[in-house]
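Student: need coordinates for the below:
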Amino acid sequence: MSNTRVTRTFAALFVTGALLACSGGDNTQGGGETDTAGGGESAAPMAVANAGTITGMVNFEGMKPANEPIDMSEEPDCQAKHPNGPMTETVVGDDGKLGNVFVRITEGLSGDHPAPSEPVIVDQVGCDYVPHVVGVMVGQGIEFKNSDGLAHNVQAQPQDNRPFNISQPTSMTSAAQRFSAPEVMIPIQCSIHGWMKGYIGAVAHPYFATSAMDGSFTISNVPPGTYTLEAWHEKYGTMTQQVTVDPNGTATVTFGYSASMAENAVVPLGEPFDPHNHSADGTAMRHAGDAPQMR
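Tutor: Residues are numbered from 1 along each chain as shown. This is a model prediction of the structure:
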């Protein structure tokens with residue numbers, strides 16, 4: 001009962017240049033209200049009568065591409081936290097499974113879905129964002145933790161929400177940030193350590209998940225019905241398929257990516273992104289001659 005179609009998308013990256021937060025202090029531009037207060041599983045929605053479950057697997061077909069090494073020699077403490085050497089996180093596992101794929105329901109839901117009170121935590125460990133790809137509900141808090149004990153900052157450059165830029169000069173946890181509108185995906189970056197990049201999916205409901213390193217994902221407590229399910233990957237673009245969830249049932253889906261699908265991304269991974277340069281349909285356009293940058 002699957003009808004897969006590959007759609008074009010882009011992995012939106014940031015406008016380059018230094019921002020004010022590099023100079024220290026907590027300089028926060030709200031992506032919504034600010035206050036003091038991932039790995040394969042979905043958010044926890046409210047209980048639903050006769051709810052079902054969507055389980056899935058993201059496969060990578062063909063030869064496994066090599067993840068690129070990251071030069072962290074300027075931060076030896078961070079480099080030491082990667083025993084096998086720091087690598088990019090576009091991750092295809094040894095068994096041909098694809099991690100860091102954001103999966104969500106895009107059509108078929110109804111009703112309102114209040115955001116949970118518990119915030120989502122993104123940590124900075126070994127000069128990486130952990131998790132690399134994460135989902136959050138619209139209106140839900142997201143906090144950024146610095147476990148490295150050295151200076152970081154978090155720049156978010158959404159298109160449909162207000163950006164923010166948080167300086168974290170020491171080990172600390174930021175005030176919660178909130179996004180007021182759905183947006184998939186929102187890139188985040190540290191301007192102090194240019195290789196630090198991650199993605200946040202802001203969704204108006206709790207029916208989303210990020211694939212684990214073994215390619216698996218689970219979306220729980222889904223109301224019975226027929227839905228459009230979308231999978232997003234920063235390098236290989238998006239795919240959709242239909243899925244029907246029976247009362248108290250489990251629907252199983254499989255997404256299959258390949259290296260050639262990277263050509264479908266209008267802005268390939270690592271290329272500079274200009275939010276003011278868009279095509280007629282609203283998708284970003286890349287500049288001719290722009291060389292990809294190492295993540």
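Student: burial measure for the closest residue to Trp195 other than its chain neighbours, as a count.
Tutor: Once flanking residues are discounted, Trp195 sits nearest to Ile70: 4.7 Å by Cβ to Cβ, 6 or more residues apart in numbering. For the C-beta atoms, the positions are set from N, CA and C on the backbone; glycine is no exception. Residues within reach of Ile70, counting by other Cβ atoms under 10 Å, total 22.
Student: any idea how far Asn248 is from Ile70?
Tutor: Distance of Ile70 to Asn248, given as Cβ to Cβ, to the nearest Å: 45 Å.
Student: Phe179 now?
Tutor: Computed with Cβ to Cβ, the distance linking Phe179 and Asn248 is 33 Å.
Student: and these two? Which one has more around it.
Tutor: Between Phe179 and Asn248, counted using other Cβ under 10 Å, Phe179 has the larger neighbour count: 25 against 11.
Student: in stretch 73-82, what counts as buried?
Tutor: For stretch 73-82, the neighbour count (16 or more other Cβ atoms under 10 Å) marks Glu75, Cys78, Gln79 as buried.
Student: what does it contact?
Tutor: Contacts with stretch 73-82, where a contact means Cβ atoms under 8 Å, 6 or more residues apart in numbering, come from Met72, Pro86, Val125, Gly126, Cys127, Asp148, Gly149, Leu150, His193.
Student: at 6 Å what do you get?
Tutor: Met72, Gly126, Cys127 (Cβ atoms under 6 Å, 6 or more residues apart in numbering).
Student: pull the contacting residues for the first one.
Tutor: What it means is Met72. For Met72, the contacting residues are Cys78, Gln79, Pro86, Cys127, by Cβ under 6 Å, 6+ apart.
Student: out of the residues you listed, which comes closest to Asp112?
Tutor: Minimum distance to Asp112 across the contacts of Met72 is 39.2 Å, recorded for Cys127 (Cβ to Cβ).
Student: excluding its backbone neighbours, what's nearest the closest one?
Tutor: Once flanking residues are discounted, Cys127 sits nearest to Cys78: 3.7 Å by Cβ to Cβ, 6+ apart.
Student: quick one, phi psi at that neighbour?
Tutor: Per-residue torsions, Cys78: phi -70, psi -40 (degrees, to the nearest 10).
Student: and it, how far from Met261?
Tutor: Distance, Cys78 to Met261, by Cβ to Cβ: 32 Å.
Student: pLDDT wise, what is the spatially closest residue to Ser260 that is not a sequence neighbour at?
Tutor: Counting by Cβ to Cβ, 6+ apart, the nearest residue to Ser260 once its immediate chain neighbours are dropped is Gly62, at 7.9 Å. Confidence at Gly62, expressed as pLDDT, is 85.
Student: Gly62 against Tyr257, yeah?
Tutor: No: between Gly62 and Tyr257 there is no contact, the gap being 9.2 Å when judged by Cβ atoms under 6 Å.
Student: and these two? which has more neighbours close in?
Tutor: Neighbours per residue, other Cβ under 10 Å: of Gly62 and Tyr257, the larger number sits with Tyr257, 23 against 12.
Student: didn't that one look like it was pressed against Tyr236?
Tutor: Yes: between Tyr257 and Tyr236 there is a contact under Cβ under 6 Å: 4.6 Å.
Student: follow-up on the earlier one: nearest to Ala212, of the contacts of stretch 73-82?
Tutor: Gly126 (18.9 Å).
Student: so who does that closest one touch?
Tutor: Gly126 touches Cys78, Lys81, His82, counting by Cβ under 6 Å, 6+ apart.
Student: can you give me the distance of the residue nearest to Trp195 to Ser110?
Tutor: In terms of Cβ to Cβ, Ile70 sits 44 Å off from Ser110.
Student: next SSE after the helix or strand of the chain with the lowest mean pLDDT?
Tutor: Every helix and strand in the chain was compared by mean pLDDT, DSSP states H and E; the lowest is strand 5-7, with a mean of 38. Sequence-wise, the next helix or strand downstream of strand 5-7 (DSSP states H and E) is strand 52-61.
Student: what about this protein, any weak spots by pLDDT?
Tutor: Counting by pLDDT under 70, the chain contains low-confidence ranges at 1-46, 263-295.
Student: neighbours around Leu98, how many?
Tutor: The tally of other residues near Leu98 (other Cβ under 10 Å) stands at 26.
Student: surely it is in contact with Phe60?
Tutor: Yes: with contact defined as Cβ under 6 Å, Leu98 reaches Phe60; the gap is 4.6 Å.
Student: mutual contacts of these two, please.
Tutor: Val92, Tyr257.
Student: surely Ala262 forms part of a helix?
Tutor: Yes: checked against DSSP: H, G, I helix; E, B strand; the rest coil, Ala262 lies within a helix.
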